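**Student:** I'll drop the sequence and a predicted model, then ask my questions.
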Amino acid sequence: MNSLQSPISNLLKKQWLWLLGILLIAIFLRIPALEMLIDNDGGARAYHARLILAGEPLYGTHHTGHHLPAIYYTYATAMALFGDSAWAIQFFLLLWTLPTVYFLYKLAFELTDDWGTAVLTALFYAILSAHLQLWGQTAETELFANLFRITAVWLLVVLLKRQKPAWQFVGVGLLAAAAFLYKAVYLSPVALCTVALLLSWWQTRRQPSAGRLFWQRAVWSGAGFVGGVTAVATYFAVQSLLPRLWQVFTLVGAYSDRSSGLNEEVVTGAMRILLYPLLPLWGLAVNNAVLLLFSLAGFLLLLLKRPWRKGLLVLLPVWYLLSFVEAGLKLELFAHYYLLIVPALALLAAWFLRKLYRDLVGAGKVRLGTAVFTMLLFVAILVSLFENSKYAANYLRYQRGQQTVAQFVEMGWPGFGERLVRADELSTYVKHNSEPEDHVYYWSQDVQLYYLAERQSPVDIIWPYDLEAVQNLEALFTPQTRLVIIDERREPAPPDWFMAELSTKYQQIAHFDEQLVYERVE
């Protein structure tokens, strides 16, 4: 009996019904996030988005530091559509997740020609992208950028598979440019496109037109990427803000010199090289070691099976490796970076499970194949349920009125949730002790305070690490700056010149929860 006649394959024939079910699962898993208090990164984006909607151009009166503009305009779109709130951003992300899951489903089918693999891929992504410890319940940049990273690869595969005209590859470049504009390191679509075009040329190199076709495709895809980036640069150039946009790249270099204790002075040599894959592997294993193992097994199996002889399937392990590069490049212990690996991981894990099942069925072991497939899938889903169970339980208690939203966040997300609650409480204090027109400066990386308290920073860059790059540093201690707050938990401490200037114009009025609050002396 072949795989098409097997019970699971028959069950998966109604692929659109299964896809609809998975989209509903994706919605269901993101519903608790609608109540999540905004985090520091999300708060920074929302703060800038609010100013954009107020008519203040990005990189003008307010600057993102080392971040490119796409995520801020994405947040601004969410807030323009659904209101100025964290809920609006999370709801927009919930909607955004649906095409992300759909196109990953389409990509999986294009690469494997198997609806079962496509369904499983969509399911695994829906689950992992909502994992609490991957910060999937926040509105991180990676969750938005994944749509463009996935669609760029999907379009690339479709164009190559169907031998579409070379000019259509401009779309791949445009989608790759969109991913890049979220973060400058999101270049896996560009690298994968290069590999795919070289592979296509190699496979057809004996044909007279192979070289010409390669260069046509390369030029069109390159034109799409350059054109997309140039259009954005032109937009800021028209506003005379191009030098300020370019400052992002200089600040990226400065940011790269800082790390969470893993800089080159601390970790060197072979150990540093090992950490590039080990940190993402650890971060993914904490969330779902079973799916990670499935993806690694699929990765190794594809390499052993010489995928370059199987056409475009070779792109899957290459994409997996490139995703690890994107996620681990900075050697930061930031779990949300590993969301970049989830699309390729989900596809590899699904491919491995389906191949294992089909191999057993093909050998005549239908019952064994069904039992093994069902058991492994059950274990993988059970692990995710266990990892997120405490969060879900606290959300249910909150919905029943047994907890406040602060208790849900703090108890549902041990460790990190407490920081979100503290930031919310501090914002209430700031609102009560200042006027809407007052400026507030907060020496902390928990910069969501500006958004939550609805107060503007006196300087254009709100991240303390980038204070020396501030364009309007003289505005820091002007009379309009009513409050200055120093978070004693966060390193490094303010520089000596900052504290000297503070002591001459401000007096401490409160000290709670390791927050030193200073008010301007009239």
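**Tutor:** Looks like it arrived, so ask away.

**Student:** which residues does the residue nearest to the spatial centre of the chain contact?
**Tutor:** Closest to where the C-alpha atoms of the chain average out (C-alpha atoms, centre = their mean) is E142, at 1.1 Å. For E142, the contacting residues are 336-337, 339-340, by C-beta atoms under 8 Å, 6 or more residues apart in numbering. Every C-beta, even on glycine, is put in place using the N, C-alpha and C of the backbone.

**Student:** now swap in A423 and tell me
**Tutor:** Contacts for A423 (C-beta under 8 Å, 6+ apart) come out as 37, 40, 43, 446, 448-449, 452.

**Student:** and it, helix, strand or coil?
**Tutor:** Secondary structure, DSSP: H, G, I helix; E, B strand; the rest coil: A423 is helix.

**Student:** pLDDT weak spots in the chain?
**Tutor:** By pLDDT under 70, the weakly predicted segments of the chain are 1-13, 253-269, 307-310.

**Student:** which of the residues in whichever strand or helix holds W202 are buried?
**Tutor:** Using DSSP states H and E, W202 falls within helix 188-203. Within helix 188-203, the residues scored as buried using 16 or more other C-beta atoms under 10 Å are 188-193, 196-197, 199-201.

**Student:** give me the residues contacting it.
**Tutor:** 148-149, 152-153, 156-157, 160, 169, 172-173, 175-176, 179-180, 210-211, 213-214, 217-218, 221, 225, 308, 311-312, 314-315, 318-319, 322-323, 325-326, 340.

**Student:** the helix or strand just after that helix vs helix 188-203, what angle?
**Tutor:** Heading C-terminal from helix 188-203, the first helix or strand you meet, by DSSP H and E, is helix 210-238. Interaxial angle, helix 210-238 versus helix 188-203 (axes from the mean of the first three to the mean of the last three C-alpha atoms, to 10 degrees): 160 degrees.

**Student:** contact partners for L107?
**Tutor:** If you count contacts by C-beta under 8 Å, 6+ apart, L107 has them with 121, 150, 153-154, 157, 347.

**Student:** 10 Å instead?
**Tutor:** By C-beta atoms under 10 Å, 6 or more residues apart in numbering, the contact set of L107 is 118, 121-122, 150-158, 315-316, 319, 343-344, 347.

**Student:** can you give me the neighbour number for the closest residue to V219 other than its chain neighbours?
**Tutor:** The shortest distance from V219 to any non-neighbouring residue, by C-beta to C-beta, 6 or more residues apart in numbering, is to A166 (7.9 Å). By the criterion of other C-beta atoms under 10 Å, A166 has 17 neighbours.

**Student:** separation between L483 and W463?
**Tutor:** In this view, L483 and W463 are 18 Å apart by C-beta to C-beta, to the nearest Å.

**Student:** now L516: which helix or strand?
**Tutor:** Using DSSP H and E, L516 sits within strand 515-520.

**Student:** for that strand, name the packing helices and strands.
**Tutor:** On a contact count with 3 or more C-beta pairs under 10 Å, 6 or more residues apart in numbering; DSSP states H and E, strand 515-520 meets helix 416-432, strand 439-443, strand 481-487, helix 496-505, strand 506-512.

**Student:** now the contacts of A423 as TSV including distance to A363 and neighbour count?
**Tutor:** Output for the contacts of A423, formatted as TSV (distance: C-beta to C-beta, whole Å; neighbours: other C-beta atoms under 10 Å):
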residue	distance to A363	neighbour count
L37	53	23
N40	53	18
G43	55	23
D446	57	21
Q448	56	28
L449	61	27
L452	60	24
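
**Student:** just checking, what packs against the lengthiest helix in the chain?
**Tutor:** Secondary structure of the chain per DSSP state H: the longest helix is helix 269-304. Packing partners of helix 269-304 (3+ C-beta pairs under 10 Å, 6+ apart): helix 115-128, helix 315-328, helix 342-362, helix 366-387.

**Student:** want to throw the ones you listed into JSON lines with distance to E488 and mean neighbour count?
**Tutor:** Output for those, formatted as JSON lines (distance: least, C-beta to C-beta, whole Å; neighbours: other C-beta atoms under 10 Å):
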{"stretch": "helix 115-128", "distance to E488": "36", "mean neighbour count": "26"}
{"stretch": "helix 315-328", "distance to E488": "31", "mean neighbour count": "22"}
{"stretch": "helix 342-362", "distance to E488": "36", "mean neighbour count": "24"}
{"stretch": "helix 366-387", "distance to E488": "32", "mean neighbour count": "15"}
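
**Student:** let's have these in TSV, adding distance to L242.
**Tutor:** Output for the helices and strands packed on helix 269-304, formatted as TSV (distance: least, C-beta to C-beta, whole Å):
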stretch	distance to L242
helix 115-128	37
helix 315-328	26
helix 342-362	33
helix 366-387	45
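
**Student:** so which of these gets nearest A500?
**Tutor:** Ranking the helices and strands packed on helix 269-304 by proximity to A500 (C-beta to C-beta) places helix 315-328 first, at 40.4 Å.

**Student:** quick one on the thing from earlier: packed most tightly, which of the helices and strands packed on strand 515-520 would that be?
**Tutor:** Using mean count of other C-beta atoms under 10 Å, the stretch among the helices and strands packed on strand 515-520 with the largest mean neighbour count is strand 439-443, at a mean of 24.

**Student:** re the thing from before, now tabulate the helices and strands packed on strand 515-520 in TSV and tack on distance to E410.
**Tutor:** Output for the helices and strands packed on strand 515-520, formatted as TSV (distance: least, C-beta to C-beta, whole Å):
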stretch	distance to E410
helix 416-432	4
strand 439-443	21
strand 481-487	18
helix 496-505	31
strand 506-512	17
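
**Student:** out of those, which comes closest to T61?
**Tutor:** With C-beta to C-beta as the criterion, T61 lies closest to strand 439-443 of the helices and strands packed on strand 515-520, at 11.9 Å.
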